[in-house]
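> Dropping a prediction and its sequence here:
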Amino acid sequence: APPSLRPVQEFYRQHADLFNGHIEALGFTDRGTLEQLYASARRVVLPSTYEGFGLPLIEAFSRGADIICSDIAPFREQISRYSMEDRVHVVSAPTPEDWAASMRSAIEQPHPVSLSPPELRSRLQRWSWSDAAVAYLEELDKITRS
């Protein structure tokens, strides 16, 4: 692990009794394990304070996951772009208490009805990597013209 993760690893080791049965640090996982985790998850939790694009959110969307995420611009943009407001709970105050309340609420609520595969595909087709490339080229064109 990179040196920047050492404090996190140490915290995890020091509080193993607190995390036992609730959180498991898996490290690298193969694709099969990843798919099993998505399939069995009640919610995907994304407490990021920074994301350049929101790729973890898109990855979770593509698996039909319901999500709890931080209130950051890239996540908001992707939620709106793919019309996933009904699949995401955004935590606007980044305190441990707010995160705990959101996760507790998600556990206590019934699991939402999954999107049908055609509905999921329809939402995810609203924006593609080709669309992103075109948008970048348009912005670059505006810069070169000014």
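That came in fine, so what should we check first?

> which residue ranges form the strands in the protein?
Per DSSP state E, the chain carries strands over the ranges 44-46, 67-70, 88-91.

> got those as CSV, with distance to residue 102 and mean neighbour count columns?
Where C-beta positions appear, they are placed from N, C-alpha and C, glycine not excepted. Conversion of the strands of the chain to CSV gives the following (distance: least, CB to CB, whole Å; neighbours: other CB atoms under 10 Å):
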stretch, distance to residue 102, mean neighbour count
strand 44-46, 8, 19
strand 67-70, 5, 22
strand 88-91, 5, 18
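
> what would these look like in TSV with mean pLDDT?
Listed next are the strands of the chain as TSV, based on pLDDT from 0 to 100:
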stretch	mean pLDDT
strand 44-46	93
strand 67-70	94
strand 88-91	93
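
> Quick one: the ones you listed as CSV, columns for distance to residue 134 too.
Below are these laid out as CSV (distance: least, CB to CB, whole Å):
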stretch, distance to residue 134
strand 44-46, 27
strand 67-70, 26
strand 88-91, 26
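
> Fine by me, thanks again.
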